[in-house]
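Asker: pasting the structure only:
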Ligand SMILES: [Zn+2]
């Protein structure tokens, strides 16, 4: 049974008719199709380009595929029809083609330094093992690896790179040699500089970015996934750490306070920015709309650019074609124009995933 959709198609900004036949989009009329959308604003399905469906609320690894499904359904029901999982301690390749789950771009486990990163989440290895571990985790994912570029070093009392610069650079090279893209977690100024110059594909968080590095990212086309929702939690992290690590606490607060300007500068420089919530562990799933609003309100991104960052732009970046002839039959519909008032993204009026009405 084919479905028929009519509405203002974004970003084209025209009333269009399209038909969904199985999991594909066509602009050629299909007789007998059921009309499931008539009016409103139609976008290619949203993307959460940084979240974790392998990490349960509270931070422990999930222990079953059903838990991953449950978390992915929360995102789906908020209009997110594709996810990039930025590191999972629990493998779930079985879910890649599951019909009622968002499309999945997945990293394997985080590759992290010993005894520094979140407990039980990463594969923790010293410098000599990083490149081989990256190659193994490339095989565990489906197109991405996740590197932990920095974290608190309790010996130093502050953020510090996970390994030396040569090792970090070799990690990016190992990912590319394995045919996958590399995403790096960084909060600090020092690690992000190494990783951008090493040619990493995406900077996750990126609180330590300087204007020079932002220019370098724009030149290289390196993506930034700011996860502003996550950065807003730095106050709590700082207060917990203040007793033992006052320098780290102050550093985290300064990074938090400067972050809206970092994202604004990246936006103005033309760095590709995508919406990611960092859900999993400490942050709830289903908050893509809130991240979109933060990018608009705190970093000054125009609504049309926020929509690109959450929809057609992110889909293109991840290899999930949007609402073009032969594209994938995922769409999110809003009753009003989200370009005029972005808050409408909080409540899609219709979502269709793989050619099937979800709600
Ligand atoms: Zn994350």
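Answerer: Noted; the coordinates are in hand. Just so you know, these numbers come straight off a predicted model, no measurement behind them.

Asker: Check the contact between residue 158 and residue 152; I expect there is one.
Answerer: Yes - between residue 158 and residue 152 there is a contact at 7.0 Å, judged by CB atoms under 8 Å. Bear in mind the C-beta positions are built from the backbone N, C-alpha and C, glycine included.

Asker: Give the intersection of the neighbour lists for these two.
Answerer: Listed as contacting both residue 158 and residue 152 by CB atoms under 8 Å, 6 or more residues apart in numbering are 245, 248.

Asker: What's the per-residue pLDDT of the residue of the stretch 201-350 of the chain found nearest the ion here?
Answerer: Nearest residue of the stretch 201-350 of the chain to the ion, counting by CB to the ion: residue 278, 4.4 Å away. On pLDDT, residue 278 comes in at 98.

Asker: so which helix or strand takes in it?
Answerer: For residue 278, there is no enclosing helix or strand under DSSP states H and E.

Asker: Now do the contacts for it.
Answerer: 50, 51, 52, 86, 204, 205, 227, 229, 230.

Asker: The third one: how many residues sit nearby?
Answerer: Looking back up the chat, that one is residue 52. 30 (other CB atoms under 10 Å).

Asker: For this structure, which residues are neighbours of the ion?
Answerer: Residues of the chain found near the ion (CB under 5 Å from the ion) are 86, 278.

Asker: make it 8 Å
Answerer: 50-52, 86-87, 146, 185, 204, 227, 230, 276, 278, 280-281 (CB under 8 Å from the ion).

Asker: Please identify which pair of those residues lies farthest apart.
Answerer: Checked with CB to CB, the residues of the chain next to the ion reach their widest spread between 146 and 230, with 14.5 Å between them.

Asker: higher neighbour count, those two?
Answerer: Between residue 146 and residue 230, counting by other CB under 10 Å, residue 146 is the more crowded of the two (31 against 23).

Asker: Assign that one to helix, strand or coil.
Answerer: Three-state call for residue 146 (DSSP: H, G, I helix; E, B strand; the rest coil): strand.

Asker: Which neighbouring elements make contact with the longest helix anywhere in the chain?
Answerer: Using DSSP state H, we find that the single longest helix of the chain is helix 246-269. On a contact count with 3 or more CB pairs under 8 Å, 6 or more residues apart in numbering; DSSP states H and E, helix 246-269 meets strand 158-161, helix 211-220, helix 228-231, helix 234-241.

Asker: Any idea how far that helix is from the middle of the chain?
Answerer: 19 Å (CA atoms, centre = their mean, to the nearest Å).

Asker: Next SSE downstream of it?
Answerer: Toward the C-terminus from helix 246-269 - assigned by DSSP H and E - lies helix 288-297.

Asker: which residues are contacting that next one?
Answerer: Outside of helix 288-297, the residues within contact range by CB under 8 Å, 6+ apart are 46-48, 75, 78-80, 226-229, 232, 263, 273, 275-277, 301-303, 306-307, 309-310, 342-343, 345-346.

Asker: Stretch 148-164 too?
Answerer: Residues contacting stretch 148-164 (CB under 8 Å, 6+ apart): 110-113, 116-117, 122, 126-127, 130, 147, 168, 171, 184-188, 190-192, 194-195, 208, 241, 244-248, 251-252.

Asker: centre of the chain versus that stretch, how much separation?
Answerer: The mean C-alpha position of stretch 148-164 is separated from the chain mean by 23 Å, CA atoms, centre = their mean.

Asker: List the buried residues in that stretch.
Answerer: 148-153, 157-163 (16 or more other CB atoms under 10 Å).

Asker: before we move on, back to that, wait, which of the helices and strands packed on helix 246-269 is closest to residue 32?
Answerer: Among the helices and strands packed on helix 246-269, the nearest to residue 32 by CB to CB is helix 228-231 (44.0 Å).

Asker: in the chain, which spans are helices?
Answerer: 65-77, 130-140, 165-177, 189-198, 211-220, 228-231, 234-241, 246-269, 288-297, 303-310, 312-318.

Asker: Which elements pack onto the third one?
Answerer: Read that as helix 165-177. When contacts are defined as 3+ CB pairs under 8 Å, 6+ apart, helix 165-177 sits against helix 130-140, strand 144-148, strand 181-186, helix 189-198.

Asker: Next one: residue 273 from residue 224, what distance?
Answerer: Applying CB to CB, to the nearest Å, the value for residue 273 to residue 224 is 5 Å.

Asker: Run the angle between the longest helix of the chain and helix 234-241 for me.
Answerer: Interaxial angle of helix 246-269 relative to helix 234-241 (axes from the mean of the first three to the mean of the last three CA atoms, to 10 degrees): 160 degrees.

Asker: Next up, phi/psi of whichever residue of the stretch 1-150 of the chain sits closest to the ion, please.
Answerer: Per CB to the ion, residue 86 is where the stretch 1-150 of the chain lies closest to the ion, at 4.6 Å. For residue 86, the backbone dihedrals are phi -90, psi 50 (criterion: degrees, to the nearest 10).
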